[in-house]
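[1] Prediction below, plus the sequence it came from.
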Amino acid sequence: MIPISYYFALSAILFALGALGVLIRRNAIIIFMSVELMLNAANLLFVAFARANEALSGQVFVFFVIAVAAAEVAVGLALIVVIFRNRQSIDIDEMSNLKG
Amino acid sequence: MDAFALVPWIVFFPLIGLVINLAFGRRFGEVFSATVGTLAVFSAFVVAVLQFLSLQAHPHGQIVHLADWINIGGLQIPWAFNVDTLSVTMMLVVSGVGTLIHIYAAGYMHYDVRYKEDPGSFARFFIYLNLFIAAMMILVSGNSYLMLFVGWEGVGLCSFLLIGFWYSRNPDGSKGLLNSQAAKKAFVANRVGDFGFLLAMFLTFWAFGSLSFDQVLPNAANVEPSIIIAIALCMLIGVTGKSAQLPLYVWLPDAMAGPTPVSALIHAATMVTAGVYLVVRSAPLFGAVPEAGNVVAIVGAVTALFAATIAVAQNDIKKVLAYSTISQLGFMVAAVGIGAYVAGMFHLVTHAFFKALLFLGSGSVILALERAHHPLDGHHDEHHHDDHHDEHHDDHHAPFDPQDMRNMGGLRKQIPTTYRVYLIGALALAGLPPLAGFFSKDEILTDALHANMLVWGLLTAAAFLTAFYMGRQIWLVFFGEPRTKAAKEAVESPPTILIPLGILAVLSVFGGLINVPVLHPFTDWLEHTLGHDFAHATVFNFGVAIFSTVLALIAIYISWRLYGRKPLAAGEVDPLKQRLGFLFKGMENKWWVDELYDAVIIQPYRRLAAFLADVVDWRFWHDWVHDTVIGRGFGALARFLAEPVDMGVIDGISKGLAAVATGLSRGFSLLQSGYVRNYALMVFFGVVLMIGYLVFSS
């Protein structure tokens, strides 16, 4: 039986990697992938706690998160495709038209 | 059966006539408006006669309450009619003589409006006349001093309107404002008198707590005599204004600017007697304080003589009669002053007859000359008045005064009917038996002899002069040779004018019978109202009667010596002028009273007005207070509020707020970099901060 603190550490590492990716990468696809990484870090914790507490609700939650993430990716990829068509680029730093 | 309840109609009939003429008079023409106006007054006369008949059965009369008017605290004044022998006497005179004068006016104004080139004014004349009758009826029938005052002011207004009837002309017919000025003079002089009357009313209410005759008069004995003296003297000021006594008489001669029927109705027969009526009505007040009565008597007697002297030297036929009216009003005022109330009222009634006759007769004479001077006959059709308006425009300003007796002479041949009735009126005024004036004047003189020798002397002298100036007038107007072409071709007046003259002549002959000595029915009649103390029969005094008659005959003889034996030729100087010299000059110039008033009152008043207007109002109030103090002060205040306060403080606040908002938004706009990763970083730090707070705060 692997102690739960291991899951904590792995989840925190994954989340930190995801957050770092979102903040420093400029490619929109990479940012999306980093967001997925953060979501899955959260999913990992849900599953870990569900098992430690022998409760099913955490696992149910994970399914919801996976479904919402799929929907989010569908919308996000569609946006990225449209942006690419307009600008021939998916560098998000070039998308600064709404600057104040 | 009595008809007292009908008495309000004595006011309403003339008002109805007025309204009808106001609405339709101009449209339906002269015959219509004259008929309506005359019928309205005649209906009032019928009502007055019904009151008279009812009083035969119930001689103490009745108070007819018509409506509440003023009801404030202790002051309760209803519109009530007082029907008693005194008021009905006045009603009969006013409506009776008024009816005759309306008939006369229908004939007279037909010509007058054409000579004045304004035929549309015909209806207006009858509107004013009816309004006058209504106001006069309110005056004589009111049951309180205030109702009397309403009528008093109403007749004053009508007097003003009718004196200024031809308001854009002078008395001689030329264009000018003298008629309007005469109207204004009458109004202003009457206001002075009204002021006294108002004070008397205030005092009466203060002392008696009421203004109704039936509550004031019986209580005269319960009030401090000094207060009653004050009331009576204030009332006397009102009387001198309305009844043209010294010192306020000056308006009446100028009032002759009005058309002649007005002079007869308002300025001889009725309105000017209102003051006499007021004193007789207030007999218990004047009777309670003989001192006040003496003042009234002296004022009246002095006026009688004073005005008679002026009448002697006047050349205008109406001016002679005007001063004669003042003089005769002096007789009445003197009579009521010495307590001879019945004699005063008696003379009022007979004077109304013969003075109306004389004025209307003079109107007939004037008209005769005017018609001869520029004949209108042939232009009678009123639809063509526009045409002859132009034709007559040129010759209208010819310098011919149809009222000047020096332009007359020998008229008894041209206008015999007018001559006869005029002679009757003149003899009645001169006081020759058995005409009306003899009885009434004699009664006053007899009472005066017993009461006050000074008054008797003044009145007898005035009576002597009266006979003299009437004789002078008759000789100058009707005898001798015509002194002008107009006098030679004078035309007798139409029947509408002659019939009223005839009726008035009959009344002037037989009017004295209403209080014939021994029977004295008029005294008994008024005794029902005045009581025995104030209405005692005068014993006929043959000495006085013979003395005054002989004096009158001597006066007429002197006038014949001067004017009849050798008639005045055209352009000749008045024969009295050489004999009396300076005295005649004084009489001719009305003793310079108008000039005196001008110098003593009017000029200082004008100077005061000019001073107030120029120095006080213009320079001080306008230039200094308004322009300098208020204007500049306000300007400075406005500048202060505008520049430092509004532009500095208020604008500074709003501009500062705007600058703060701009700066803040500019600062915040820097956060909106447009870089998604920046936003993500901020979200990240935000989440870290929130979680940090949640973790470390618990």
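    Perfect, thanks for sending it. The model shown is predicted, which means the values in this text are computed figures rather than measured ones. Numbering: from 1, shown residues only, chains lettered A, B, ... in the order given.
[2] biggest helix in chain A by residues?
    The helix of greatest length in chain A, counted in residues with DSSP state H as the criterion, is given as helix A:57-87.
[3] now it, how far from the chain's geometric center?
    The gap between where helix A:57-87 is centred and where its chain is centred comes out at 9 Å by CA atoms, centre = their mean, to the nearest Å.
[4] what do you get for stretch B:621-636?
    45 Å.
[5] Show the end-to-end separation of it, please.
    Terminal residues of stretch B:621-636 are spaced 19 Å apart (CA to CA, to the nearest Å).
[6] Quickly find the element holding B:Asn237.
    One thing to correct before we go on: residue B:237 is Ile, not Asn. If you go by DSSP states H and E, B:Ile237 is part of helix B:225-242.
[7] in that helix, what's buried?
    B:228-242 (16 or more other CB atoms under 10 Å in any protein chain shown). All C-beta spots, glycine's among them, are computed from the backbone N, C-alpha and C.
[8] can you check stretch A:12-30 too?
    Counting neighbours by 16+ other CB under 10 Å, the buried set in stretch A:12-30 is A:14-15, A:18-19, A:21-22, A:25, A:28.
[9] After the helix holding B:Ile237, which helix or strand is next?
    Taking DSSP H and E as the definition, the helix or strand that follows helix B:225-242 towards the C-terminus is helix B:251-254.
[10] With just CA atoms, put that next one into CSV.
    Once non-C-alpha atoms are left out, helix B:251-254 reads as follows in CSV (Å, rounded to 0.1, in the frame of the first residue of the first chain):
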residue,chain,number,x,y,z
TRP,B,251,-66.1,121.6,-10.1
LEU,B,252,-69.8,122.4,-10.8
PRO,B,253,-69.4,125.3,-13.2
ASP,B,254,-66.9,123.3,-15.2
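[11] what's in contact with that helix?
    Around helix B:251-254, the neighbours that count as contacts under CB atoms under 8 Å, 6 or more residues apart in numbering or on different chains are B:163, B:181-182, B:185-186, B:188-190, B:244, B:267, B:272, B:319, B:322-323, B:325-326, B:590.
[12] Do I have it right that B:Phe540 meets B:Leu519?
    No: in this structure, B:Phe540 is not within contact of B:Leu519 by CB atoms under 8 Å, at 10.6 Å.
[13] Which residue of these two possesses the greater neighbour count?
    Neighbour count, other CB atoms under 10 Å in any protein chain shown: between B:Phe540 and B:Leu519, B:Phe540 has more, with 15 against 12.
[14] Where does that one sit: helix, strand or coil?
    Reducing the assignment at B:Phe540 to three states with DSSP: H, G, I helix; E, B strand; the rest coil gives coil.
[15] Who are the contact partners of it?
    When contacts are counted by CB under 8 Å, 6+ apart, B:Phe540 touches B:442, B:446, B:517-518.
[16] Please tabulate these in TSV, including the columns neighbour count.
    Output for the contacts of B:Phe540, formatted as TSV (neighbours: other CB atoms under 10 Å in any protein chain shown):
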residue	neighbour count
B:Asp442	28
B:Thr446	23
B:Pro517	17
B:Val518	7
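[17] Mark which of these are part of helices, please.
    The helices in this structure, assigned by DSSP H, contain B:442, B:446 from those.
[18] In three-state terms, label the closest residue to chain A within the stretch 451-600 of chain B for me.
    Among residues of the stretch 451-600 of chain B, the one nearest chain A by CB to the nearest CB turns out to be B:Asp598. It sits 92.7 Å away. Judged by three-state DSSP, the three-state class of B:Asp598 is helix.
[19] Near B:Thr350, how many other residues are there?
    Other residues lying near B:Thr350 total 28 when counted by other CB under 10 Å.
[20] residues near B:Val31, how many?
    12.
[21] Which pLDDT value belongs to it?
    What the model reports for B:Val31 is a pLDDT of 90.
[22] Could you tell me whether it really is in a helix?
    Yes: secondary structure of B:Val31, determined by three-state DSSP: located in a helix.
[23] ok, the closest residue to B:Lys355 other than its chain neighbours - how many residues close by?
    Counting by CB to CB, 6 or more residues apart in numbering or on different chains, the nearest residue to B:Lys355 once its immediate chain neighbours are dropped is B:Ala268, at 4.2 Å. Neighbours of B:Ala268 under the rule other CB under 10 Å: 32.
[24] does B:Ala268 really touch B:Leu321, like I thought?
    Yes: the pair B:Ala268 and B:Leu321 qualifies as a contact (CB under 8 Å) at a distance of 7.1 Å.
[25] which residues do those two both contact?
    For the pair B:Ala268 and B:Leu321, residues contacting each of them under the criterion CB under 8 Å, 6+ apart are B:355, B:358-359.
[26] from those residues, which is closest to chain A?
    Proximity of those to chain A (CB to the nearest CB) peaks at B:Phe359, which lies at 104.9 Å.
[27] Get me the contact residues on chain A for chain B.
    Residues of chain A lying close to chain B by CB under 8 Å from any CB of the partner chain are A:19, A:22-24, A:26, A:92-93, A:95-100.
[28] can those residues go into a markdown table with extra columns for secondary structure, distance to B:Asp404 and pLDDT?
    Supplementary listing: the residues of chain A next to chain B in a markdown table, determined by DSSP: H, G, I helix; E, B strand; the rest coil; distance: CB to CB, whole Å; pLDDT from 0 to 100:
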| residue | secondary structure | distance to B:Asp404 | pLDDT |
| --- | --- | --- | --- |
| A:Ala19 | helix | 130 | 91 |
| A:Val22 | helix | 127 | 89 |
| A:Leu23 | helix | 127 | 89 |
| A:Ile24 | helix | 130 | 89 |
| A:Arg26 | coil | 127 | 87 |
| A:Ile92 | helix | 122 | 83 |
| A:Asp93 | helix | 122 | 81 |
| A:Met95 | coil | 118 | 78 |
| A:Ser96 | coil | 115 | 76 |
| A:Asn97 | coil | 111 | 74 |
| A:Leu98 | coil | 110 | 70 |
| A:Lys99 | coil | 111 | 69 |
| A:Gly100 | coil | 107 | 57 |
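[29] elements contacting the helix holding B:Ile237?
    helix B:145-163, helix B:178-208, helix B:274-281, helix B:283-288, helix B:290-312 (3 or more CB pairs under 8 Å, 6 or more residues apart in numbering or on different chains; DSSP states H and E).
[30] Which of the buried residues of stretch A:12-30 lies at the shortest distance from chain B?
    Taking CB to the nearest CB as the measure, chain B sits nearest to A:Val22 out of those, at 5.4 Å.
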